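Peer 1: what follows is a predicted structure for the sequence shown.
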Amino acid sequence: MQKPIIEFCASNMHHDTDRIMKRLEQEGLTEVIEYGCLGNCGECYLFPFALVNGEIVAASTADELYDRIMEEVNAERIEG
(Lines give C-alpha, C1' and ligand atoms only; values in the text may rest on other atoms or scores of the structure.)
Protein backbone atom coordinates (compact mmCIF):
# COMPACT_ATOMS: atom_id res chain seq x y z
CA MET A 1 0.00 0.00 0.00
CA GLN A 2 1.31 3.43 -0.96
CA LYS A 3 1.84 6.00 1.78
CA PRO A 4 -0.56 8.96 1.78
CA ILE A 5 1.03 12.16 0.45
CA ILE A 6 0.84 15.17 2.77
CA GLU A 7 1.80 18.49 1.18
CA PHE A 8 2.62 21.62 3.17
CA CYS A 9 3.02 25.23 2.05
CA ALA A 10 6.15 27.01 3.32
CA SER A 11 4.12 30.23 3.49
CA ASN A 12 1.73 28.56 5.96
CA MET A 13 4.44 27.81 8.52
CA HIS A 14 3.51 30.95 10.53
CA HIS A 15 0.58 28.82 11.77
CA ASP A 16 3.06 26.37 13.36
CA THR A 17 2.54 23.79 10.64
CA ASP A 18 6.30 23.24 10.43
CA ARG A 19 6.05 21.43 13.76
CA ILE A 20 3.30 19.18 12.39
CA MET A 21 5.28 18.53 9.21
CA LYS A 22 8.33 17.45 11.23
CA ARG A 23 6.18 15.22 13.44
CA LEU A 24 4.70 13.46 10.41
CA GLU A 25 8.17 13.01 8.90
CA GLN A 26 9.43 11.42 12.11
CA GLU A 27 6.45 9.05 12.33
CA GLY A 28 7.12 7.83 8.78
CA LEU A 29 3.51 6.83 8.07
CA THR A 30 3.11 9.36 5.26
CA GLU A 31 5.09 10.91 2.45
CA VAL A 32 5.65 14.55 3.46
CA ILE A 33 6.43 17.24 0.90
CA GLU A 34 7.00 20.97 1.45
CA TYR A 35 6.39 23.47 -1.34
CA GLY A 36 7.05 27.19 -1.51
CA CYS A 37 3.42 27.71 -2.52
CA LEU A 38 0.44 25.42 -3.01
CA GLY A 39 -1.72 28.13 -4.63
CA ASN A 40 -4.23 28.33 -1.78
CA CYS A 41 -3.29 31.81 -0.57
CA GLY A 42 -6.66 32.55 1.08
CA GLU A 43 -6.47 29.43 3.22
CA CYS A 44 -2.76 29.88 3.80
CA TYR A 45 -3.23 33.30 5.35
CA LEU A 46 -6.23 32.39 7.51
CA PHE A 47 -5.56 29.01 9.10
CA PRO A 48 -3.31 25.95 9.20
CA PHE A 49 -3.83 23.62 6.26
CA ALA A 50 -2.23 20.85 4.26
CA LEU A 51 -3.14 18.76 1.26
CA VAL A 52 -3.80 15.09 1.94
CA ASN A 53 -3.59 13.23 -1.35
CA GLY A 54 -4.51 16.47 -3.11
CA GLU A 55 -7.48 17.39 -0.89
CA ILE A 56 -7.40 20.41 1.45
CA VAL A 57 -7.50 19.58 5.15
CA ALA A 58 -7.74 22.65 7.40
CA ALA A 59 -8.18 23.40 11.08
CA SER A 60 -8.16 26.27 13.54
CA THR A 61 -4.88 25.18 15.19
CA ALA A 62 -1.83 23.20 14.14
CA ASP A 63 -2.58 20.45 16.67
CA GLU A 64 -6.12 20.13 15.33
CA LEU A 65 -4.67 19.98 11.81
CA TYR A 66 -2.52 17.03 12.84
CA ASP A 67 -5.60 15.24 14.21
CA ARG A 68 -7.55 15.90 11.00
CA ILE A 69 -4.67 14.72 8.83
CA MET A 70 -4.46 11.49 10.82
CA GLU A 71 -8.24 11.00 10.52
CA GLU A 72 -7.88 11.21 6.73
CA VAL A 73 -4.88 8.89 6.71
CA ASN A 74 -6.67 6.32 8.88
CA ALA A 75 -9.87 6.56 6.81
CA GLU A 76 -7.87 5.82 3.65
CA ARG A 77 -6.28 2.78 5.29
CA ILE A 78 -9.71 1.41 6.18
CA GLU A 79 -11.06 2.06 2.66
CA GLY A 80 -7.90 0.86 0.92
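Peer 2: Done, it's in.
Peer 1: now do the helix or strand where A75 lies, average pLDDT.
Peer 2: Counting by DSSP states H and E, the element that carries A75 is helix 62-79. The average of the pLDDT scores along helix 62-79 is 91.
Peer 1: please identify the buried residues of that helix?
Peer 2: For helix 62-79, a neighbour-count test (16 or more other Cβ atoms under 10 Å) marks 62, 65-66, 68-70, 72-73 as buried. No exception for glycine: its C-beta is placed from N, CA and C like everyone else's.
Peer 1: what helices and strands are in contact with that helix?
Peer 2: helix 17-27, strand 49-52, strand 55-58 (3 or more Cβ pairs under 8 Å, 6 or more residues apart in numbering; DSSP states H and E).
Peer 1: quick revisit: got JSON lines for the buried residues of helix 62-79, with distance to P48 too?
Peer 2: Converted to JSON lines, the buried residues of helix 62-79 look like this (distance: Cβ to Cβ, whole Å):
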{"residue": "A62", "distance to P48": "5"}
{"residue": "L65", "distance to P48": "4"}
{"residue": "Y66", "distance to P48": "9"}
{"residue": "R68", "distance to P48": "9"}
{"residue": "I69", "distance to P48": "10"}
{"residue": "M70", "distance to P48": "14"}
{"residue": "E72", "distance to P48": "14"}
{"residue": "V73", "distance to P48": "16"}
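Peer 1: now mean pLDDT and distance to R77 too, for the helices and strands packed on helix 62-79, in JSON lines please.
Peer 2: Putting the helices and strands packed on helix 62-79 into JSON lines (pLDDT from 0 to 100; distance: least, Cβ to Cβ, whole Å) gives the following:
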{"stretch": "helix 17-27", "mean pLDDT": "96", "distance to R77": "14"}
{"stretch": "strand 49-52", "mean pLDDT": "96", "distance to R77": "12"}
{"stretch": "strand 55-58", "mean pLDDT": "95", "distance to R77": "16"}
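Peer 1: just say which of those is most tucked in.
Peer 2: Of all those, strand 49-52 carries the top mean neighbour count, a mean of 23, counting by mean count of other Cβ atoms under 10 Å.
Peer 1: what's in contact with that one?
Peer 2: With contact meaning Cβ atoms under 8 Å, 6 or more residues apart in numbering, strand 49-52 is reached by 4-9, 12, 17, 20-21, 38, 40, 43, 56-59, 65, 69, 72-73.
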